[in-house]
Every structure is written in structure tokens, then in C-alpha cells.
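Trainee: Have a look at this fold, sequence not included:
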């Protein structure tokens, strides 16, 4: 049994324990906080894991500060539904859920209800336009994927619905993503709900201003939803994706905060669009084959890949990526070699994969 302390990287610890089949114990979960113990969204994540696995055991003490988790069999399933709540976005649940269910007994099909954009988690448009193409490439599985927005839901009342379909694989292919390439075009989606349709166009104008002076091929779609498909709260936001000559995707996003206490920069559509562009340019300047949001995802794939050399090139590592490296070492014994390259200000990471296989999927 692996033992951890604190609430840091909670979902990652549970997800890695499920894939590796190793029991974990987490002590002192916010023990010194005014409200100690697990938060509602963490308990919600545990309930989601129970739905896609069979035989897992979750034991929580009375104060919620200690968790014992013994993983079960990853079953996947179809026609599942889960309410993700309003505290965290649906993007908080998608990353660990997909990485777990890739090694499941049957493909996953589930409807997730909650917040589709806003807060600290990646929005659904980022998942559809960046994460999903990246997963198709990294897993070598082009078919069986879908992230479909049935209803959008903004903070604070949410009301969004997302259909997720995830295939199962026998094993991951060797990962070799080291070529950055040059940005050749930018695509994007500006969405709005329960506000004027002109808001989306204003966000596009704010985002295109700096981009048009740098690149000729820029196109941003607009997606305005009304009625039941617009969720329960007004909101708007924009997602941008830079496509490189090497096939890489680098994304950024900005979401509006429509409440009165929010700063002006998060309420004016033109400034929201400009903010997304500034974040995109910053991500491109950092270098690497993926943006900072997806660093942990590519590290997962390298670590769980075949017992061969897996390699990738990343920009400066985020704290979450550093925690990922430590947890991959603890659960799978995978140790990465990190070589800084001063010419490109990037990091070249390589490791020998753990060779994780899906025992339920026969060899083709």
C-alpha cells in the first residue's frame, strides 16, 4: 500500500492507483484547514470512479481527513450518467476518467452534468479541439472518441451536459513527440449562452486584432446557444488553438465572469478575446509540443507506454507536471531523464515505459 499526505493531486493519486491496481492511503487531508477533510467535488470524483469500476473499496474516516482506497476492475460501461456538481468543471473529471477507462473491459459512454466552462479547469471546447486530437494521436486509436456538448453550463448555476465516448486499447504505442514545428494557422470557438449573440462576434474581434498582424490564416467560429441548450446561467468564453507544421496543437482559453464583483477585463467581450490571444502567444513562446495544460497528459502516456524509449519535448514544467513525475515514479517506477536545451528553452524528457496492458482486450 502506498501512503500519501495532504490533498495535493488527489484525483491523480486515485487514477494512478486504479490503473496500477495498487491500494493507497491518504492521511491529513486538509487537517489544518478550518473545514478539514475531503471537498464535495473530491467525493463526487470517488463516486464517478465507483461507477466505472467493479469491486473498488473506499473507506473515509469520520472527519474526512483519511482515505483508504483499494481499486477494483475497470469495467467502463455504456448509458452511464453522473452529476459533477458545480464546484469544479467537467474538465476536472475528464482527464483521469479517460486515462482510466482506456484500460477498461468495455468502451465508455457516459453523460456528465455540470459546468462546461469557467473556473480553474479546462473548458469543453479545449477538450474537443486540443485534448481529443492529441489523445487520438498518442493512443494510436483514431476511432471511438467523442466529446459532444449537449447543453452548455456556466457558473454559478451550471446546467451543462456533455456526452463522453472513450474506446479501450490493448496497450499504448511508443510516444515520440519532439518536433515543435512552426505555427501555421489558428482556429477557435467563441461561445455564448443567455446573452446577446453579438457577444461572440465581439470576442472574435478582440482575439483577431493581434493575431491578424502575425498570421494570415486565422478563423474563429461562433457558437451561440439559447433556450434549454444554454444551461442555467449566462456566460461566454473563447478557445483558441494554434496548429503547427509538425501536427502539434497548442491551446488557450478565456472565460467571462459575469457577476458584479468580477474585474472589467473578465466582463467585456473584446477584453476576454484579447486575454485568450495573449495566453496563446505566451504558450507558443514557452515552447514544447503541447501547452502547459496538457503536459501531465503526455507524461502519463510516456510512462504507461511500452518498455521502450518514450520521449517528448515540453516547455517549463508546471507544478502539476512536477507532481505527475513524482507520482509516476511512485506507482510505476518510471524515472524520466530531463535534458534542458538552451537554444530552444525547452526540456527534452525521456523514459522507459512501464508497459501497462489491458488484460481484458485480446491481442488483435
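Mentor: Done, it's in. These figures come from a predicted structure and were not determined experimentally.
Trainee: I'd say residue 158 and residue 118 touch.
Mentor: No. Using CB atoms under 8 Å, residue 158 is not in contact with residue 118; the gap is 9.2 Å. C-beta: built from backbone N, CA, C; applies to glycine.
Trainee: which of the two has more neighbours?
Mentor: Counting neighbours by other CB atoms under 10 Å for residue 158 and for residue 118 shows that residue 158 has the greater number, 26 against 23.
Trainee: Now do the phi/psi pair for the more buried one.
Mentor: Comment: the main-chain dihedrals of residue 158 come out as phi 60, psi -130, following degrees, to the nearest 10.
Trainee: Who are the contact partners of it?
Mentor: Listed by CB atoms under 8 Å, 6 or more residues apart in numbering, the contact partners of residue 158 are 85, 86, 113, 114, 115, 231, 232, 233.
Trainee: I'd say the fifth one and residue 161 touch.
Mentor: No. Contact criterion CB under 8 Å: residue 115 and residue 161 do not qualify, at 11.0 Å.
Trainee: Quick check: neighbours shared by these two?
Mentor: The overlap between the contact sets of residue 115 and residue 161 (CB under 8 Å, 6+ apart) consists of residue 153.
Trainee: Out of these two, name the residue with the larger neighbour count.
Mentor: In terms of neighbours (other CB under 10 Å), residue 115 is the more surrounded of residue 115 and residue 161; the figures are 31 against 21.
Trainee: how about residue 66, what does it touch?
Mentor: Taking CB under 8 Å, 6+ apart as the contact definition, residue 66 lies against 25, 26, 27, 28, 29, 60.
Trainee: What distance do you get for the nearest residue in space to residue 332 that is not next to it in sequence to residue 35?
Mentor: The spatial neighbour of residue 332 that comes closest, neighbours along the chain excluded (CB to CB, 6 or more residues apart in numbering), is residue 354 at 4.0 Å. Look at residue 354 and residue 35: by CB to CB, to the nearest Å, they are 37 Å apart.
Trainee: higher neighbour count, the two?
Mentor: When residue 354 is set against residue 35 and neighbours are counted by other CB under 10 Å, the residue ahead is residue 354, at 21 against 7.
Trainee: Distance of that one relative to residue 334?
Mentor: Computed as CB to CB, the residue 354 to residue 334 distance reads 6 Å.
Trainee: how about the nearest residue to residue 339, chain neighbours excluded?
Mentor: residue 348 (4.5 Å).
Trainee: and the host helix or strand of the one you found, which strands flank it?
Mentor: Counting by DSSP states H and E, the element that carries residue 348 is strand 346-352. Counting by DSSP bridges, the strands paired with strand 346-352 are strand 309-314 (antiparallel), strand 337-341 (antiparallel).
Trainee: thinking again about what came up before, what's the residue nearest to residue 332 sitting at in phi/psi?
Mentor: Backbone geometry at residue 354, expressed as degrees, to the nearest 10, gives phi -80, psi -10.
Trainee: How about residue 215?
Mentor: phi -150, psi 140.
Trainee: same thing with residue 10?
Mentor: phi -60, psi -50.
Trainee: May I see the buried residues of stretch 170-190?
Mentor: Residues of stretch 170-190 classed as buried by neighbour count (16 or more other CB atoms under 10 Å): 171, 172, 173, 175, 177, 180, 183, 186, 187, 188, 189, 190.
Trainee: That should have said stretch 279-292, apologies.
Mentor: The neighbour-count criterion (16+ other CB under 10 Å) identifies 279, 280, 281, 283, 284, 287, 288, 289, 290, 291, 292 as the buried residues of stretch 279-292.
Trainee: That stretch - what's its average pLDDT?
Mentor: Stretch 279-292 comes out with an average pLDDT of 95.
Trainee: And for stretch 200-216?
Mentor: Taken as a whole, stretch 200-216 has an average pLDDT of 93.
Trainee: So what touches it?
Mentor: Surrounding stretch 200-216, the residues in contact under the criterion CB under 8 Å, 6+ apart are 183, 185-186, 188, 190-192, 218, 220, 222-224, 236-238, 240, 269-274, 276-278, 281.
Trainee: Can you give me the distance of residue 103 to residue 351?
Mentor: Distance of residue 103 to residue 351, computed by CB to CB: 19 Å.
Trainee: returning to that earlier point: so who does the residue nearest to residue 339 touch?
Mentor: 178, 311, 312, 313, 338, 339, 340, 341.
Trainee: Identify the bridge partners of it.
Mentor: So, taking DSSP bridges as the rule, residue 348 has residue 313, residue 339 as bridge partners.
Trainee: how would you label the residue located most distally from the centre of the chain: helix, strand or coil?
Mentor: Within the chain, the residue lying farthest from the chain centre (CA atoms, centre = their mean) is residue 62, at 31.2 Å. Of the three states, residue 62 takes coil according to DSSP: H, G, I helix; E, B strand; the rest coil.
Trainee: what do you get for residue 112?
Mentor: Recorded secondary structure, residue 112: strand (three-state DSSP).
Trainee: mind checking pLDDT for it?
Mentor: Residue 112 is assigned a predicted lDDT (pLDDT) of 97.
Trainee: Over to residue 262?
Mentor: pLDDT recorded at residue 262 is 65.
Trainee: where do the helices sit along the stretch 101-250 of the chain?
Mentor: 124-126, 132-139, 198-212 (DSSP state H, counting those that start in this stretch).
Trainee: For these, could you give me CSV that also reports distance to residue 326 and mean neighbour count?
Mentor: Converted to CSV, these look like this (distance: least, CB to CB, whole Å; neighbours: other CB atoms under 10 Å):
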stretch, distance to residue 326, mean neighbour count
helix 124-126, 25, 26
helix 132-139, 21, 20
helix 198-212, 36, 20
